[in-house]
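Colleague: Fold the stuff below for me.
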Amino acid sequence: MNALESQLPGFWHFCWMFWMQPILLHQRLQVCGIDDPDARSWKLWFAKERQQVKRRYLRYQMLQLMVLMPLVVFAGAAFFLFVAQFFGLPVDMSTVLLKVAFGVAVGVAVGVAFGVAFGVAVGVAFGVAFGVAGGVAGGVAFGVAGGVAGGVAFGVAGGVAGGVAFGVAGGVAFGVAFGVAGGVAGGVAGGVAGGVAFGVAFGVAGGVAGGVAFGVAFGVAFGVAAILSILGVHFYIVEGVSQWLLASLQYTLRLPTLKLAPVRYYDLSYLPHPFLTQHIIHNIPIAPEVVKTTLDACDRSPGQKKVRAKVLPFLQAHELAEQIKTQAFGRAAELTGEWLPGRENAPELLLLLADIARFLQAADKALSPYHRTAHLNKAHDSLRRCRNRCTAEDSRLAEALLSSLANWQEKIDQLRKQAAAEASSVLPNPFRAFEPLLPDQGEGVEIFRGRKEYIRRIEHLLNQDRASIAVLAPRRCGKTSLLNMLPLMLPDTLCVFFDLQDNAVSSPERFFQRLSQRAQEEARKQGCTDFPVLGQGPCFDAATGWFDALESFGKEHDRRILLCIDEFERLESLFPGERKDLIRLMSLFRATIQHRRFLRLLVAGVAPFDELDSIWSDHFINVREIRLTHLDQASSLELLRQPIPNFPDDAIPMSVAQQIFTRTNGQPFLIQFFGQRLINRLNDQERSQAVLEDLRPIEDEVLEEARNYFCNISQVPNEYQDILDSLVNDESVQLRRRERRYLRYHGLIDEEDRLAIPLLAEWLQE
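Modeller: Model (predicted):
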């Protein structure tokens with residue numbers, strides 16, 4: 001037996017699936033290579049591909065006619081005989097047995113004839129099903145029913161037997177033949193129509209020959225039985241009672257009964273099973289694999305196809321709760337998992353939980369107990385808002401999440417308790433050196449110092465019509481932190497921050513797609529549910545239409561939309577050798593600047609426009625430049641000595657703070673670096689106050705670990721290298737206007753033409 005044959009069920013299993021799980025059988029047959037189970041017999045028999053499997057399939061079908069049908073007839077005969085004896089009806093045993101044998105013979109003959117004829121002319125599954133139907137009807141009706149009663153009773157019994165047989169077989173035939181919801185539905189319709197038509201026609205014919213009563217009784221009985229059997233009413237009573245009983249046993253006795261659910265064994269049920277959804281939900285935390293296979297069975301059953309949609313919110317809530325329980329915060333933050341949809345397609349309630357998971361992830365990665373506590377407090381507050389939202393919202397997802405939030409609360413409380421214990425014995429360390437500040441960080445807003453004047457200038461320019469903004473600053477000067485704070489500082493403006501360094505794109509199409517996604521994320525955070533999305537079509541046509549829609553949205557809601565593109569110089573790398581695309585992009589930006597009032601543009605980068613290709617200055621004619629400089633002395637000292645409320649006044653004395661400012665000249669990255677390492681040093685040595693002697697080893701750490709920053713900022717064109725070398729050696733240099741302008745724009749010299757950062761001079765000398 002080859003591998004394909006081994007995938008075909010054994011005969012009795014095949015028969016079971018044929019009658020009980022025809023849709024699953026259809027899928028199984030396709031795996032075996034039988035793509036068209038209802039093909040003509042000769043086509044399957046003489047097929048060149050996978051011939052052995054297809055011939056074995058045909059043999060199974062013929063065995064159903066020759067073996068299964070007589071067994072069914074004898075079983076039916078025994079049942080009717082038992083009923084007759086139970087009710088005391090006169091039955092001649094010899095006559096019954098004789099007629100049963102005759103019925104079997106007739107049934108086999110009729111079945112083979114139907115099976116072969118329809119199998120050749122119409123299709124295997126269709127022919128076999130109706131062949132079996134003919135055998136069952138003939139065997140039961142002629143072999144048994146005629147022996148139990150006569151006249152009208154014969155018509156009714158024969159009609160019922162034939163109707164049930166033809167109805168069930170017809171439905172199964174179409175179910176196997178098509179194996180999909182449409183095929184099953186077609187089987188129902190065809191089975192009903194065929195059953196009624198055949199029953200009425202045969203009944204009328206019988207009425208002409210043997211009496212109207214006989215004909216009407218037979219026809220009505222046949223038609224009604226066919227309809228009820230195709231709809232599965234004879235099975236549904238058993239299914240419904242069984243499902244109710246199994247669910248009740250699990251609820252009361254806590255027995256794992258979902259494996260016995262009827263939907264797992266019979267997939268042609270057209271009516272919904274009672275309590276099945278609740279039964280599955282109850283098993284989610286205790287038998288996830290059984291739940292999964294049961295849902296697969298529901299997807300196959302026409303009457304249970306809505307179950308998955310009802311259960312899915314509870315599966316998502318449980319999976320998120322399990323991820324939080326096992327501290328898989330990253331997966332929860334991205335909504336990735338077996339049942340989770342990902343952030344892009346997630347409903348708002350799931351996004352709220354994803355944001356909470358993001359706070360937990362940040363807390364898990366935080367090195368400082370203070371930072372960890374700040375993130376956890378944010379998660380705690382967000383969870384409270386999420387619970388209130390779930391309580392107010394009437395939906396299955398809200399119901400499912402509400403029942404799982406206790407697990408979130410338990411984990412957050414546990415982590416907060418641990419962080420509080422760790423933080424009680426150390427100095428809080430709010431400084432951040434290597435990452436931009438964020439408004440949703442506990443200390444992000446508090447240590448955002450010395451930049452309020454720039455925020456006011458941006459707000460002023462936004463109030464002016466048709467003015468674009470360029471925020472320019474040397475590396476590590478707080479430019480990205482400033483952009484991150486704009487949503488908080490400009491609450492009447494929907495700010496979309498898009499960093500080209502973090503969003504790797506390789507084409508204009510991808511650029512606009514990612515920009516649209518970021519806009520949607522920011523809009524959802526601010527409660528905008530009808531925010532425009534990027535349409536389909538050619539790249540720039542779709543982008544222009546989207547920009548027009550954003551302008552209309554802003555006008556309708558009287559709200560500015562500010563697109564903030566960081567590292568804008570990288571845009572040129574999106575168009576290698578394709579200047580026309582870059583020009584089209586610049587033209588779109590220019591049109592936005594000149595003709596759109598509510599949609600505004602802000603670009604941020606290092607180099608001023610006059611150092612770039614002329615295409616930038618040509619299209620950003622009326623750009624307003626805002627140049628970030630180092631922190632002034634007052635802001636630097638305040639940040640070092642009192643970074644957050646309740647920070648100990650004497651932890652960093654004035655003399656220490658002044659020395660740090662002198663060595664860094666207020667460079668934001670270096671100020672944060674010194675503050676962070678100084679607090680870590682005090683905590684490691686279990687001291688509460690810094691001294692000047694602490695700065696020398698910290699300065700060595702800064703020179704070593706910030707080498708990438710120093711290397712980047714000191715990379716200048718060859719024409720400026722000699723000037724920089726002279727400044728490092730403290731030599732007098734006469735600077736021309738262009739040289740002075742370049743060196744100042746890049747944060748290398750101060751207003752007195754001296755090297756701006758003394759620490760940089762030491763690094764360059766080394």
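Colleague: Check which residues of stretch 751-766 are buried.
Modeller: Applying a neighbour-count criterion of 16 or more other C-beta atoms under 10 Å, one finds 753, 755, 756, 757, 759, 760, 761, 763, 764 buried in stretch 751-766. C-betas here are computed from N, CA, C, even on glycine.
Colleague: Next up, the contacts around the fourth one.
Modeller: Residue 757 is in contact with 664, 665, 667, 670, 747, counting by C-beta atoms under 8 Å, 6 or more residues apart in numbering.
Colleague: ditto for the last one
Modeller: Contact criterion C-beta under 8 Å, 6+ apart gives 710, 714, 724, 725, 728 as the residues in contact with residue 764.
Colleague: 7 Å instead?
Modeller: Contacts for residue 764 were tallied using C-beta atoms under 7 Å, 6 or more residues apart in numbering; they are 714, 728.
Colleague: cool, and the fifth one?
Modeller: If a contact means C-beta under 7 Å, 6+ apart, then residue 759 has 663, 664, 670, 702 as its contacts.
Colleague: From the residues you listed, pick the one nearest residue 405.
Modeller: residue 670 (43.0 Å; C-beta to C-beta).
Colleague: Tell me which residues touch that closest one, please.
Modeller: Residue 670 sits in contact with 664, 702, 759, where contact means C-beta under 7 Å, 6+ apart.
Colleague: In helices, which of the contacts of residue 759 appear?
Modeller: Among these, the ones falling in helices (DSSP state H) are 663, 664, 670, 702.
Colleague: Counting neighbours, what do you get for the first one?
Modeller: One way to gauge burial is a neighbour count; for residue 663, by other C-beta atoms under 10 Å, it gives 20.
Colleague: wait, isn't it in contact with residue 756?
Modeller: No. Between residue 663 and residue 756 there is no contact under C-beta atoms under 7 Å: 11.8 Å.
Colleague: my guess is residue 592 contacts residue 547, does it?
Modeller: Yes. The criterion here is C-beta under 7 Å, and residue 592 meets it with residue 547 at 6.0 Å.
Colleague: Pull up the overlap in contacts between those two.
Modeller: What both residue 592 and residue 547 touch, as defined by C-beta under 7 Å, 6+ apart, is the set residue 599.
Colleague: So which of these two has more stuff around it?
Modeller: Using other C-beta under 10 Å as the criterion, residue 592 and residue 547 rank with residue 547 on top: 23 against 20.
Colleague: List the contacts of the more buried one.
Modeller: 588, 592, 596, 599 are the contacts of residue 547 under C-beta under 7 Å, 6+ apart.
Colleague: Report the buried residues of whatever helix or strand it lives in.
Modeller: When elements are assigned from DSSP states H and E, residue 547 belongs to helix 539-557. By 16+ other C-beta under 10 Å, the buried positions in helix 539-557 come out as 539-540, 542-544, 546-551, 553-554.
Colleague: Next, give me the two most distant ones among the residues you listed.
Modeller: Top of the distance list for the buried residues of helix 539-557 (C-beta to C-beta): 539 and 554, 22.7 Å.
Colleague: re earlier: of the buried residues of stretch 751-766, closest to residue 33?
Modeller: Of all the buried residues of stretch 751-766, residue 33 sits closest to residue 763, with 70.4 Å by C-beta to C-beta.
Colleague: who's in contact with that closest one?
Modeller: Neighbouring residues of residue 763 by C-beta under 7 Å, 6+ apart: 703, 710.
Colleague: quick check: mean pLDDT across the helix or strand harbouring it?
Modeller: Using DSSP H and E, residue 763 sits in helix 758-765. The average pLDDT for helix 758-765 rounds to 86.
Colleague: Next: stretch 337-346.
Modeller: The pLDDT scores in stretch 337-346 average 89.
Colleague: mind listing what's buried in it?
Modeller: Here stretch 337-346 shows 337, 339, 340, 343, 346 as buried, counting by 16+ other C-beta under 10 Å.
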